[in-house]
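J.: have a look at this prediction, sequence included:
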Amino acid sequence: MFNPVRRITFILAGCALVTVGAMTPSADAAAPAQSTNSAALALSCNRSCLYGVLDQYLAALAKRDIALVPWAPEVRNSENNVMLPVGDGLWGTLTKLGSYQLKMADPDTGEVGYFGAVDENGAVSPFALRLKVAQKQVVEVETLVRRKADEANYMADPEFIDKPIFNEVIPVASRLPRERLISIADGYFDTLQLNDGTLFTQFDEKCDRTENGFRTTNNPDAAKISPIMTLGCEAQFKTGNFRYDDRLRARRFPLVDVERGLVLASGFIDHAGRLGDYTLANGEKATSRYRRPHSYYLLELFKITPQGRIRQVEAVFMTVPYRMASPWMMEN
């Protein structure tokens, strides 16, 4: 039940939308949200504070009561890559939050992230969330809910298994700088784009990946879905299997948790659908699984070791129209 207690301006696709009570449009103009420099954000909210704001947001979402969130006067809010007024979308359909919780924080930029599960009237979906916090108030919300009922192609039902490696704190002397961590995650996307067996990043020998609640590496039980899923991260990419991924576009790296060696990335995987048969790096023949234009919108988390190797990957992604633009950045 919506119970807003004050007037909040929402920035929606270049327009202003004001919510008062039940959401109604207003002709009031709103200036773009003012950016806050990293130093001010760092002083205003440390890791504990950011997790506290995240917990407030999740508790409010569980009760479907937007008044319980410490909103900034101006808020940008998206769900599944579409700008929405706060209180729309998942806020109206959530039955309960799942118990799976994976958190990350970037006190230097005021970003906090979350991977979990949501139940909408018995349908359980992987869920990813990014909040930007300034002066202990929420100024940005980016939500991704991967609803199986909306997907033409989907894997098995999701399983939500804790991965303690994500929460391991890296000793101060061994921590990699923010820019290096981003470059390693970006190299993962370079490796995936037009994958031909060339590696543009490094992988730990124990690297594992979960996508939409399903283990897509080192998983012998997935052989019937795709033999590639029985291999590890590096071995998969060395085959050149993912040649059909034409572009890794609109890449963003809004959250870097240096303390834990984590990078939260967002972007799109474009499939032009033109590729049919192709040759793997070992000379074997393969056929693309994508024969129509479409894109995936994703939020993806990377755990990177002090040696600069990708150790664990967690992703939530969904199908969107081909080459759909991001409301969070300007694209060429």
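T.: In hand now; what should we look at?
J.: and Val263, how far from Asn282?
T.: In this structure, Val263 and Asn282 are 31 Å apart, going by Cβ to Cβ, to the nearest Å. For glycine as for every other residue, the C-beta is placed from the backbone atoms N, C-alpha and C.
J.: okay, these two: which has more neighbours?
T.: Val263 (26 against 9; other Cβ atoms under 10 Å).
J.: what helices or strands is the longest helix along the chain leaning on?
T.: When the chain is parsed with DSSP state H, its longest helix is helix 47-63. For helix 47-63, the contact count by 3 or more Cβ pairs under 8 Å, 6 or more residues apart in numbering; DSSP states H and E identifies strand 96-97, strand 102-106, strand 111-120, strand 123-134, strand 137-145 as packing neighbours.
J.: export these as TSV, with columns for distance to Asp208 and mean pLDDT.
T.: TSV is the format used below for the helices and strands packed on helix 47-63 (distance: least, Cβ to Cβ, whole Å; pLDDT from 0 to 100):
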stretch	distance to Asp208	mean pLDDT
strand 96-97	25	97
strand 102-106	14	98
strand 111-120	15	98
strand 123-134	16	97
strand 137-145	21	98
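J.: out of those strands, flag the one nearest Tyr296.
T.: For the helices and strands packed on helix 47-63, distance to Tyr296 was read as Cβ to Cβ. The smallest value, 10.7 Å, belongs to strand 137-145.
J.: any low-confidence regions in this structure?
T.: Confidence mapping of the chain against pLDDT under 70 gives the ranges 1-43, 154-155, 331-332.
J.: circling back to that earlier point, next one: the longest helix of the chain to chain centre, how far?
T.: Distance of helix 47-63 from the chain centroid (Cα atoms, centre = their mean, to the nearest Å) equals 18 Å.
J.: name the element the closest residue to Asp106 other than its chain neighbours belongs to?
T.: Closest residue to Asp106 in three dimensions, ignoring its sequence neighbours and counting by Cβ to Cβ, 6 or more residues apart in numbering: Leu255, at 4.4 Å. Secondary structure from DSSP states H and E places Leu255 in strand 247-257.
J.: name the helices or strands packed onto that strand?
T.: In terms of contacts (3+ Cβ pairs under 8 Å, 6+ apart), strand 247-257 is packed against strand 102-106, strand 111-120, strand 123-134, helix 178-192, strand 262-271.
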